[in-house]
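Trainee: Got a predicted structure plus its sequence, pasted below:
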Amino acid sequence: MTRRLAAILSADVVGYSKRMAEDEDGTLSLLKAHRRDLFDPAVVRYRGRIVKLIGDGVLVEFSSVVDAVECAIAVQEALDEKAGEVNLRIGINLGDVIIDGDDIYGDGVNIAARLEAIAEPGSICISSTVHEQIRQKIDAEFLNLGKIALKNIPDPIEAWLWSPPGRQHRLPDSGTFTLPDKPSIAVLPFANRSGEQEQDYFADGITDDIVTGLSKCRWLFVIARNSTDTYKGAAIDVRAVGRELGVRYVLEGSVRKSGNRVRITCQLIDAITGIHLLAERYDRDLVNIFELQDDITQSVVAAIEPALRKAEIDRIRRKRPDDLDAYDLYLRALAHMYKVKPEDRAAALDFIAQALRIDPDYAEAHGVAAWCYFAKSLWEGSPPNPYREVMLEHVRRVQELQPEDASTLAHAAISLALATNDYASALAMIDRAISINPSSAHAYGHGSVINTWAENYDKSIEFSERALRLSPFDPLSVMPLAGQAGARMMKGEYEEAIACARRALQVYPTHTPSFLITIISLMRLGRANEAQTASHRFMAVSPTYHIIPQAPVFRHFIAELKEAGLPG
C-alpha cells in the first residue's frame, strides 16, 4: 500500500435531507451554484484536490495544512456573508493516508470526518496536530475544546474550534454536566408561527418572560434564555438538549400573533424519558398577555412540583409596564442588546428611549439602557467619561424603582461599579439579584467581573463557574469568562487567564478587556512576540484605543501594555 502525509478537509451541508424533502430542485440548484462559484474556486486557489463527493459532503486533500485551514476559513466567511443560504460543517486533520488510485483512506481521513461531525454549522473543527502546524502562521483564533471522544476512534482527540466573528456556538457534548440536586429546566425558543419574520422578537420576549417567571422559583434550576437561543430554528432532539444543558425538563412551544389576538401552545417534556408531562394551548387578547405568561409559568411549575407552594407562585408576578407599547419596544431592544456590533447597541438604546417616553418608570428598560452605556464605555475603545452621567441616571432610576428582576439589578450593578468604583454597593445589588433569582446567569456573570475589580479573586472564579453552568451558550458569557480571566491573571495563573480570555474573544471578538488580559499574560510569561501580535490584532479592531491609567485592574500593568505596543 502506498501512503503519504496529507491535510484532509471534510465538509458537510447542514440540514441537507430536510431541505431536499422541502424543495428538491431548488436545493440542488442552490448547492450546485455555491460549489461552482465559491467552494470549487477556493479549493483551486489554495492548491487542494477534491477527492470525492459523499452524498451532501465532500472530501478534499491538501499538501499544506496552512492551505487547508485558510481555504476552510475563506469558504465559511463567504457563506457567513450570504446570511445562511447554505451552512457547512468542516473538519480538518493532518495524518497518514492510504492511496488507492484517486481515492484516499485511513485514520487520517476518518478523524477529519469525525471532527466535521462535531463542528457547529458555519464553524471549523481541527485536530491538535493541525493546530500545532498553523500556530503563528494564520491570523485566526481557535478555541481549545480539550480532548473529545469521537465515534469509532479508539482514543480521545484534542480538538480546536473556529467560528465566524460574533457567531454563537455550542461546545460538543462532553458529558461534564450532571443534573443539579433540584428540578432543572430549559425553555427552548418559542417558534414564531405568525407568518412574519419581523414578529420573531415577540416570540423571543414571551420565551424570556416565561424563563424569568420560572427563575423566581428558588427550588428550580433554570437555564438562561440566551443559552437556549442557540437551538433556535434547529431540529430539536429533546434528550440531546437535556444532556447538553444538564437539565431534567425541557419546555418548547410556539406563538401565533394576529391582530390583537395571540395563541400560545407549549409542551413540557421529561428530557430523560422523553415523556410529555404537559400540553396546553392558550388563546388571549393582547391586553391580557401578562396574565397569559403567568398562566403558562404556573402550569409548568405545577407539572414539575405537584405540591405547589403558593408563596413561590406569588413571587412569579412582577410589575409590568403600564402600556403594552412600551413592552413591545422593550422586547425590540432586547433583540439588539446582546449582539456584539455597536450599531446594535445604538438600536437598542433608540427603542429603550421610545419605551421610556411612554413609561418613564419602566425599571427593566432603565436596566437595558444602563447596560448599553456600560458596553459603550468599556468596549468601544473610549474612556468611560462620555457616558458616565447618563449611565448613572439609569442606575439611579433602577435603585429608586426597586425592581424584582435580577437581570435589571445586575445590569445596574456593573454600571454602577464602572462609573463610581463603589464595588461594595454594586456587590450588594448583585446579592439582591441572586436572592431574587438564584438562576440568574447575568447576576453571577456580572458579579464575577465586579469581584475581580474588588480583588475578590476566588469569589470571582466561583461566580464565573456558576454563570457558565447556568448559561453555557450565552452571548454574554463574555462577562464571566473575562471576569475569571482577570481574576486568574491577578493570581498569577497566566496560562489559565489566556485560555479564559481566548474563549471570551470567541464569543465577543472585539472585547477590549479580554484582549488586554491576553496581552498582559503573554508578557508576564515572557512571550513578547505573541503579545505584540495580539496587540496588532487588537488595534486592528479597536483603532482608537489608548491605555487608560485609571481602568480597573489594568492600571497595574501599564508598563506591559506599552511594551507590547499599545499607545499610551
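Mentor: Yes, it's here. Numbering: from 1, shown residues only.
Trainee: drop to CA atoms for contacts and neighbour counts, all remaining ones
Mentor: Fine.
Trainee: Identify all contacting residues around stretch 21-41.
Mentor: 19-20, 75, 78, 86 (C-alpha atoms under 8 Å, 6 or more residues apart in numbering).
Trainee: ok, of those, which one's closest to residue 547?
Mentor: Residue 547 lies nearest to residue 78 out of the contacts of stretch 21-41, by C-alpha to C-alpha, at 34.7 Å.
Trainee: on that earlier part again, output the contacts of stretch 21-41 as CSV; include the columns secondary structure and pLDDT.
Mentor: CSV is the format used below for these (DSSP: H, G, I helix; E, B strand; the rest coil; pLDDT from 0 to 100):
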residue, secondary structure, pLDDT
19, helix, 73
20, helix, 75
75, helix, 94
78, helix, 89
86, coil, 81
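Trainee: Which of those has the largest number of neighbours?
Mentor: Among those, residue 75 has the most neighbours (other C-alpha atoms under 10 Å), with 21 neighbours.
Trainee: quick one: it from residue 123, how far?
Mentor: Applying C-alpha to C-alpha, to the nearest Å, the value for residue 75 to residue 123 is 10 Å.
Trainee: what does residue 479 give?
Mentor: In terms of C-alpha to C-alpha, residue 479 sits 23 Å off from residue 123.
Trainee: More neighbours: those two, which one.
Mentor: Legend: neighbour count by other C-alpha under 10 Å for residue 479 and residue 123, higher for residue 479 (29 against 24).
Trainee: Verify the contact between that one and residue 441 for me.
Mentor: No: if you go by C-alpha atoms under 8 Å, residue 479 and residue 441 don't touch, sitting 9.9 Å apart.
Trainee: Would you mind listing the buried residues in stretch 11-28?
Mentor: Neighbour counts over stretch 11-28 (16 or more other C-alpha atoms under 10 Å) mark 11-14, 16, 27 as buried.
Trainee: Tell me how many other residues crowd residue 267.
Mentor: Residue 267 sits with 16 neighbouring residues when counted by other C-alpha under 10 Å.
Trainee: Not counting sequence-adjacent ones, nearest residue to it?
Mentor: Excluding the flanking residues, the one nearest residue 267 by C-alpha to C-alpha, 6 or more residues apart in numbering is residue 279, at 4.3 Å.
Trainee: Surely the one you found is within a helix?
Mentor: No: Residue 279: not assigned to a helix; according to DSSP: H, G, I helix; E, B strand; the rest coil it is strand.
Trainee: That one is in contact with residue 269, isn't it?
Mentor: No: between residue 279 and residue 269 there is no contact under C-alpha under 8 Å: 9.0 Å.
Trainee: Looking at these two now, which is surrounded by more residues?
Mentor: residue 269 (22 against 15).
Trainee: What residues sit buried inside the helix or strand hosting residue 242?
Mentor: Assigned by DSSP states H and E, residue 242 belongs to helix 238-245. Buried residues in helix 238-245, counting neighbours by 16+ other C-alpha under 10 Å, are found at 238-239, 241-245.
Trainee: so who does the nearest residue to residue 454 once chain neighbours are set aside touch?
Mentor: In this structure, residue 454 finds its nearest non-sequential neighbour in residue 423, 6.0 Å apart by C-alpha to C-alpha, 6+ apart. Residues near residue 423 by C-alpha under 8 Å, 6+ apart: 417, 450-451, 453-454.
Trainee: now, which of those residues lie within helices?
Mentor: Using DSSP state H, 417, 450-451, 453 are the members of those that sit in helices.
Trainee: And the furthest pair within those?
Mentor: Between any two of those (C-alpha to C-alpha), the greatest distance is 10.0 Å, for 417 and 451.
Trainee: Tell me which of these two has more neighbours.
Mentor: Neighbour totals were compared for residue 417 and residue 451, and residue 451 leads with 25 against 21 (other C-alpha under 10 Å).
Trainee: Would you confirm that the more buried one contacts residue 457?
Mentor: Yes: applying C-alpha under 8 Å, one finds residue 451 in contact with residue 457, separated by 6.5 Å.
Trainee: shared neighbours, residue 75 and residue 123?
Mentor: By C-alpha under 8 Å, 6+ apart, no residue touches both residue 75 and residue 123.
Trainee: In a markdown table: the buried residues of stretch 11-28, plus distance to residue 286.
Mentor: As requested, the buried residues of stretch 11-28 are arranged in a markdown table below (distance: C-alpha to C-alpha, whole Å):
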| residue | distance to residue 286 |
| --- | --- |
| 11 | 46 |
| 12 | 43 |
| 13 | 40 |
| 14 | 37 |
| 16 | 38 |
| 27 | 39 |
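Trainee: Please tabulate these in CSV, including the columns pLDDT, distance to residue 535 and secondary structure.
Mentor: Output for the buried residues of stretch 11-28, formatted as CSV (pLDDT from 0 to 100; distance: C-alpha to C-alpha, whole Å; DSSP: H, G, I helix; E, B strand; the rest coil):
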residue, pLDDT, distance to residue 535, secondary structure
11, 94, 33, strand
12, 89, 35, strand
13, 87, 36, strand
14, 81, 36, coil
16, 72, 41, helix
27, 79, 44, helix
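Trainee: In which helix or strand does residue 52 reside?
Mentor: Going by DSSP H and E, residue 52 is part of strand 48-54.
Trainee: List the buried residues in that strand.
Mentor: Result for strand 48-54 [16+ other C-alpha under 10 Å]: buried residues 48-50.
Trainee: What average pLDDT does stretch 532-539 get?
Mentor: Averaged over stretch 532-539, pLDDT sits at 90.
Trainee: Which elements pack onto the helix or strand hosting residue 517?
Mentor: Assigned by DSSP H and E, residue 517 belongs to helix 512-524. Here helix 512-524 touches helix 363-379, helix 478-490, helix 494-507, helix 528-541, helix 558-563, going by 3 or more C-alpha pairs under 8 Å, 6 or more residues apart in numbering; DSSP states H and E.
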